[in-house]
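Colleague: Predicted model and sequence follow; I will ask about them next.
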Amino acid sequence: MRETSNTAHRGVILVTGGSRGIGAAICELAAREGYDVCINYRNNEQQAQAVAEKVRSHGRKALTVQADIADAAQISDMFRKTDLDLGALTALVNNAGTSGYIGRVDAISAPDLQAIFALNVVGSFLCCGEAVRRMSTRHGGNGGSIVNMSSAAARLGAAGRNVHYAASKRALEALTFGLAQEVADEGIRVNTVSPGVIDTDIHTRERLAQIGPQLPMKRPGTAIEAAASVMWLLSPAASYVSGTNLGVSGAR
């Protein structure tokens, strides 16, 4: 049943990688809190449409856009479609990413490295640029907020598994801090959320069962727990929070 939203309209949010996992949870929570939502996906249109229906069930507009965040032209097209269909952008969540090849540094190839940095780092930089050109008061915008999704791996290093992924996320954290300073007086706040082990399909059931009891809280986190942290950073309650990295890793 479609709900009629009693929540004030908070603007337009674009969530990259919004069709599953933490991204899908962000999209639904954003709709509950009054956002119209652009749901970016790369491959699975059916999943994206399912998320869009959840957004609409909360009385908000939903737009699904297929775009590879490793491709600059597709990023530009995605933002233009959002402008046309939903209106002025007020929030961006850079959630799309890949963990890439699993293995040691001495086993990874140049193409593997280029692919992971193209998506996790270059794509996020380009999305931030598109958002700033729309939201910054310097460019005639009304301000807004950006959240970049990092990982506890950036701090822990992920040795023996995916140091390359950890390095890409550390670069994203540098982007957050530097950009936050650039646009602090232009009405834009920029922050990072760094989830730890979260129960999504990025991990196999076997890995979650194995690592869960070893975590300080004896369980992985949930997508909703990570998404709620994102929504707090986007909210007026975090109006003086910018350039920070919020860990959602259960004391790990």
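Modeller: All right, it came through fine. Numbering: from 1, shown residues only.

Colleague: What separation do you get for residue 142 and residue 99?
Modeller: 36 Å (CB to CB, to the nearest Å). For the C-beta atoms, the positions are set from N, CA and C on the backbone; glycine is no exception.

Colleague: should've said residue 63
Modeller: 27 Å.

Colleague: which of residue 142 and residue 99 has more neighbours?
Modeller: More crowded of residue 142 and residue 99, by other CB atoms under 10 Å: residue 99, with 19 against 13.

Colleague: for that one, what are its contacts?
Modeller: 116, 162, 165, 202 (CB atoms under 8 Å, 6 or more residues apart in numbering).

Colleague: Can you pick out the most distant pair from the residues you listed?
Modeller: When CB to CB is used, the two most widely separated members of the contacts of residue 99 are 116 and 202, lying 13.5 Å apart.

Colleague: These two - which one has more neighbours?
Modeller: Comparing residue 116 with residue 202 by other CB under 10 Å, the one with more neighbours is residue 116, at 23 against 15.

Colleague: Looks like the more buried one contacts residue 98 (just checking).
Modeller: Yes: counting by CB atoms under 8 Å, residue 116 does reach residue 98; the two are 5.9 Å apart.

Colleague: Give me the contacts around the helix or strand of the chain with the lowest mean pLDDT.
Modeller: Sorting the helices and strands of the chain by mean pLDDT, DSSP states H and E puts helix 205-211 at the bottom, at a mean of 89. Helix 205-211 is contacted by residues 197, 199, 203, 220 when judged by CB under 8 Å, 6+ apart.

Colleague: thinking the second one is in contact with residue 223, fair?
Modeller: Yes: Residue 199 lies in contact with residue 223 (CB under 8 Å); the separation is 7.1 Å.

Colleague: how many neighbours does residue 29 have?
Modeller: 19.

Colleague: Spit out the contact partners of it.
Modeller: With CB under 8 Å, 6+ apart, residue 29 has these contacts: 224, 227, 228, 230, 231.

Colleague: And for residue 52?
Modeller: Contacts of residue 52 by CB under 8 Å, 6+ apart are 37, 39, 62, 63, 64.

Colleague: same question, residue 219
Modeller: 212, 250.

Colleague: Look at it and give its secondary structure.
Modeller: Secondary structure, DSSP: H, G, I helix; E, B strand; the rest coil: residue 219 is coil.

Colleague: Just want the phi and psi numbers for the closest residue to residue 98 other than its chain neighbours.
Modeller: Sequence neighbours aside, residue 119 is the residue nearest to residue 98 in space, at 5.4 Å (criterion: CB to CB, 6 or more residues apart in numbering). Main-chain torsions, residue 119, degrees, to the nearest 10: phi -80, psi -50.

Colleague: go on, residue 94?
Modeller: phi -80, psi 90.

Colleague: Verify the stated contact: it with residue 127.
Modeller: Yes: if you go by CB under 8 Å, residue 94 and residue 127 touch, sitting 5.4 Å apart.

Colleague: Please say which of those two ends up with more neighbours.
Modeller: More crowded of residue 94 and residue 127, by other CB under 10 Å: residue 94, with 28 against 24.

Colleague: which residues touch that one?
Modeller: 16, 123, 124, 127, 128, 146, 147, 148, 149, 172.

Colleague: which residues does it form a beta bridge with?
Modeller: Residues in a beta bridge with residue 94, per DSSP bridges, are residue 148.

Colleague: what's the distance between it and residue 223?
Modeller: 16 Å.

Colleague: again, but for residue 193
Modeller: Distance from residue 193 to residue 223, by CB to CB: 12 Å.

Colleague: Which of these two has more residues huddled nearby?
Modeller: For residue 193 versus residue 223, the count of surrounding residues by other CB under 10 Å is larger for residue 193: 26 against 21.

Colleague: Tell me how far the more buried one lies from residue 226.
Modeller: 7 Å.
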